[in-house]
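In: here is the input, now give the coordinates:
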Amino acid sequence: QVQLAESGGGLVQAGASLRLSCAASGRTFISYTMGWFRQAPGKEREFVAAISRGGSATYYADSVKGRFTISRDSAKNTVHLQMNSLKPEDTAVYYCVADFSSLVTTTTPGRWGSWGQGTQVTVSS
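Out: Numbering: from 1, shown residues only. You can find the predicted model right below:
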């Protein structure tokens, strides 16, 4: 399995932007579909976005479509989540995920094999 490490979380005001990064270990980064999930206090983990192995296909949850952008840099084994126009309801722990066989439309948490430790994003009103 690939090892994942997120960074870039923090405390911001509503309307601000944040960029999350996820560094992946291993030489098979290009073999994995990558994505992001989030979990708010008292809520279930939910899908945010995913990107295909080559980066040509992306998929977003309706709640973030038009505000968030997922990208990947295969030369640096890194995935990014650019978050704009942040809202208080975006407050959550954000997890980077990877899977060898998942599609970008795989929104079930249990279908993703590798998870990072998570990074906290807090948006104040």
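
In: now do the residue nearest in space to the middle of the chain against residue 125, distance only.
Out: Taking CA atoms, centre = their mean as the criterion, residue 36 is the residue nearest the geometric centre of the chain, at 2.2 Å. Residue 36 sits 23 Å away from residue 125, going by CB to CB, to the nearest Å. Where C-beta positions appear, they are placed from N, C-alpha and C, glycine not excepted.

In: ditto for residue 10
Out: 16 Å.

In: looking at those two, which is more packed in?
Out: Between residue 10 and residue 125, counted using other CB atoms under 10 Å, the more crowded position is residue 10 (13 against 9).

In: quick one, grab the pLDDT at the more buried one.
Out: If you check residue 10, the pLDDT there is 97.

In: is it true that it touches residue 19?
Out: No - counting by CB atoms under 8 Å, residue 10 does not reach residue 19; the two are 10.2 Å apart.

In: tell me how many other residues crowd residue 82.
Out: Neighbour number of residue 82 under other CB under 10 Å is 15.

In: quick one, strands of this structure?
Out: For the chain, the strands defined by DSSP state E cover 4-7, 10-13, 18-24, 33-39, 46-51, 58-60, 68-73, 78-83, 92-99, 114-115, 119-124.

In: closest to residue 108 out of those strands?
Out: strand 46-51 (7.9 Å; CB to CB).

In: what residues does the closest one touch?
Out: 33-39, 57-61, 64, 68-72, 79, 81, 94, 102-109 (CB atoms under 8 Å, 6 or more residues apart in numbering).

In: just the buried ones from these, in ChimeraX syntax?
Out: Only the buried entries of those go into this ChimeraX selection, using 16 or more other CB atoms under 10 Å:
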select :33,34,35,36,37,38,58,59,60,61,64,68,69,70,72,79,81,94,102,104,106,107
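
In: gap between residue 123 and residue 109?
Out: Applying CB to CB to residue 123 and residue 109 gives a distance of 22 Å.

In: which ones are touching residue 24?
Out: 2, 3, 4, 32, 34, 77, 78, 79, 96, 98.

In: using pLDDT, spot the least trustworthy of those residues.
Out: Among the contacts of residue 24, pLDDT bottoms out at residue 2, giving 90.

In: tell me, how many residues neighbour the residue nearest to residue 18 when sequence neighbours are not counted?
Out: Once flanking residues are discounted, residue 18 sits nearest to residue 83: 4.9 Å by CB to CB, 6 or more residues apart in numbering. Using other CB under 10 Å, residue 83 has 26 neighbouring residues.

In: thanks a lot, catch you later.
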